[in-house]
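K.L.:
Coordinates for the following, if possible.
(2 chains)
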There are 2 protein chains.
Amino acid sequence: MQQRAENTRQAVLMGAAVSFEKFGYGTASLSTILAHAGVTKGAMYFHFSSKEELAHAVIDAQHHMAMDGLRAIIDDVPVALDALILASQEMARQLVVEPIARGGMRLTLEIGSIRGPVQRPYLDWIESIRVLAERAAREGDLIEGVDVDALARFVVGAFTGVQTLSDVLYGRSDLYARLTEMWRLLLPAIAAPHALDRVRALADGEPRKGTEPVT
Amino acid sequence: MQQRAENTRQAVLMGAAVSFEKFGYGTASLSTILAHAGVTKGAMYFHFSSKEELAHAVIDAQHHMAMDGLRAIIDDVPVALDALILASQEMARQLVVEPIARGGMRLTLEIGSIRGPVQRPYLDWIESIRVLAERAAREGDLIEGVDVDALARFVVGAFTGVQTLSDVLYGRSDLYARLTEMWRLLLPAIAAPHALDRVRALADGEPRKGTEPVT
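P.N.:
Numbering: from 1, shown residues only, chains lettered A, B, ... in the order given. This next block holds a predicted model:
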């Protein structure tokens, strides 16, 4: 019974994400969301009482998905600088492939513009990257003297803009290539010489999970 | 007579920019715009027939202001890599100080989300930066082998995201500091050793024109 309720909630969230990504917050309606979710009106209202509540639920789901992805990589990859690069690729993958991430990214900007900025995801990201960068410095993989606070802020800012440009210009079809470019330019300025070839090879790769866009 | 019409048009544009920045495209109304512009309804309709037309005029005005700023720096600064850094500071200054730029940036995202992406400004910026970066390479100021196409795309993308984060988190009050950080991280990877101290000193400076935020 609880499992069924959870499945319905997930179906509504996914329908909302797809619908918000396609039409935007202003134009998406509860009926387009219902059509995409394939559930009854009653089932939807059992979980969410308004479009705004649904939008915030999609943004939260995106943030959880991103943080889960980051945690899985940190658990799996013992070397911090490697984990940092792989985490950025996982974020790119989510933005290309996962409707929750695509819808959430669009909503973050649109809701931010209506209700005031959505800061939490950016702050959590900066803090997570800062912790990784500090560990990379302790592991001797960063060039002596690299400012890890500045690096964390810049990596999150640069990634945000690189994905914006990729979205605006090419619907994110070039995002993996642009991310490789970002690291190719940045790594010589931050990676210690002994680590450079290793992390460059990582940055030239693609995300490890499936990378086929969902249409 | 023509001058008076032009002055009115500028007043309406400025009122629209301030109003769009404050309320967003969805919420700003022709009457809030009129109140900010200090002109009559008739005077406004003589120049613009709808809110959407006004929004596109603000986006165009922002783009012209940005390109004029870039051209002035290129005319004034003979060394291409120096001009590139100063141009980024001028862009930051416009986003902090100029209502047309602040309103235009907000509108670019919001209109893009309603009518499809606004690509022109990004494409023009990438092309302008590419030309500068190519010249910097010919002048011997870039490290041998730096990919100037990648550099141009990345500088525009990274700047876009750095200003997004600065806006979302601190209303752009830290934008000059974040831009300095961006160049401090990036320059060692792109500037030839003989040029590094010179351009680092430039990047540590602030924009040359007035930098007091308009409130």
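
K.L.:
Taking chain A, what residue is nearest to chain B?
P.N.:
Scanning chain A for proximity to chain B using C-beta to the nearest C-beta identifies residue A:161 as nearest, at 2.4 Å. All C-beta spots, glycine's among them, are computed from the backbone N, C-alpha and C.

K.L.:
Report the contact partners of that residue.
P.N.:
The contact partners of residue A:161, by C-beta atoms under 8 Å, 6 or more residues apart in numbering or on different chains, come to B:156, B:157, B:158, B:159, B:160, B:161, B:162, B:163, B:164.

K.L.:
Can you tell me the element it falls in?
P.N.:
Taking DSSP states H and E as the criterion, the element that holds residue A:161 is helix A:148-170.

K.L.:
what's the angle between that helix and helix B:148-170?
P.N.:
In this structure, helix A:148-170 runs at an angle of 110 degrees to helix B:148-170, with axes from the mean of the first three to the mean of the last three C-alpha atoms, to 10 degrees as the basis.

K.L.:
helix or strand right after helix A:148-170?
P.N.:
Along the chain past helix A:148-170, the next helix or strand (assigned with DSSP H and E) turns out to be helix A:175-190.

K.L.:
List the contacts of the residue nearest to residue A:112 when sequence neighbours are not counted.
P.N.:
The spatially closest residue to residue A:112, leaving aside those adjacent along the chain, is residue A:118, at 4.7 Å (C-beta to C-beta, 6 or more residues apart in numbering or on different chains). Shown in contact with residue A:118 (C-beta under 8 Å, 6+ apart): A:59, A:108, A:111, A:112, B:168.

K.L.:
element containing residue A:121, please.
P.N.:
Secondary structure assigned from DSSP H and E places residue A:121 in helix A:120-138.

K.L.:
do residue A:26 as well
P.N.:
Secondary structure (DSSP H and E) places residue A:26 in helix A:2-27.

K.L.:
Buried residues in that helix, which are they?
P.N.:
A:8-9, A:11-21, A:23-25 (16 or more other C-beta atoms under 10 Å in any protein chain shown).

K.L.:
The residue nearest to residue A:112 falls within a strand, correct?
P.N.:
No. Residue A:118 is assigned coil when assessed by DSSP: H, G, I helix; E, B strand; the rest coil, not a strand.

K.L.:
where does it fall, phi/psi-wise?
P.N.:
Backbone torsions for residue A:118, taken as degrees, to the nearest 10, come to phi -90, psi 100.

K.L.:
mind checking pLDDT for it?
P.N.:
Residue A:118 is assigned 87 on the pLDDT scale.

K.L.:
Kindly report the same for the one 10 residues further on.
P.N.:
At residue A:128 the predicted local confidence, pLDDT, stands at 97.

K.L.:
Surely it is in contact with residue A:73?
P.N.:
No. Under the criterion of C-beta atoms under 8 Å, residue A:128 lies out of contact with residue A:73, with a separation of 10.5 Å.

K.L.:
So residue A:181 is in contact with residue B:155, correct?
P.N.:
No. Because the distance of 11.0 Å does not satisfy C-beta under 8 Å, residue A:181 is recorded as not touching residue B:155.

K.L.:
neighbour-wise, which of these two wins?
P.N.:
More neighbours sit around residue B:155 than around the other of residue A:181 and residue B:155, counting by other C-beta atoms under 10 Å in any protein chain shown; the figures are 27 against 20.

K.L.:
Could you find the closest non-adjacent residue to the residue nearest the centre of chain A?
P.N.:
Within chain A, one residue has its C-alpha closest to the average C-alpha position: by C-alpha atoms, centre = their mean, that is residue A:91, at 4.1 Å. With C-beta to C-beta, 6+ apart as the criterion, residue A:91 has its nearest non-adjacent residue at 6.3 Å, and that residue is residue A:66.

K.L.:
and that neighbour, what element?
P.N.:
Secondary structure (DSSP H and E) places residue A:66 in helix A:51-76.

K.L.:
quick revisit: where's the residue nearest to residue A:91 relative to residue B:163, distance?
P.N.:
22 Å (C-beta to C-beta, to the nearest Å).

K.L.:
What of residue A:136?
P.N.:
For residue A:136, the distance to residue B:163 (C-beta to C-beta) stands at 26 Å.

K.L.:
do the same with residue A:175
P.N.:
In this view, residue A:175 and residue B:163 are 20 Å apart by C-beta to C-beta.

K.L.:
So if I had to pick from the two, which one is more boxed in?
P.N.:
When residue A:175 and residue B:163 are compared on other C-beta under 10 Å, the one with more neighbours turns out to be residue A:175, at 25 against 22.

K.L.:
Pull the contacting residues for the more buried one.
P.N.:
The contact partners of residue A:175, by C-beta under 8 Å, 6+ apart, come to A:92, A:95, A:96, A:162, A:163, A:166, A:167.

K.L.:
Turn the residues you listed into JSON lines, including pLDDT.
P.N.:
As requested, these are exported to JSON lines (pLDDT from 0 to 100):
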{"residue": "A:92", "pLDDT": "97"}
{"residue": "A:95", "pLDDT": "97"}
{"residue": "A:96", "pLDDT": "96"}
{"residue": "A:162", "pLDDT": "98"}
{"residue": "A:163", "pLDDT": "96"}
{"residue": "A:166", "pLDDT": "96"}
{"residue": "A:167", "pLDDT": "94"}
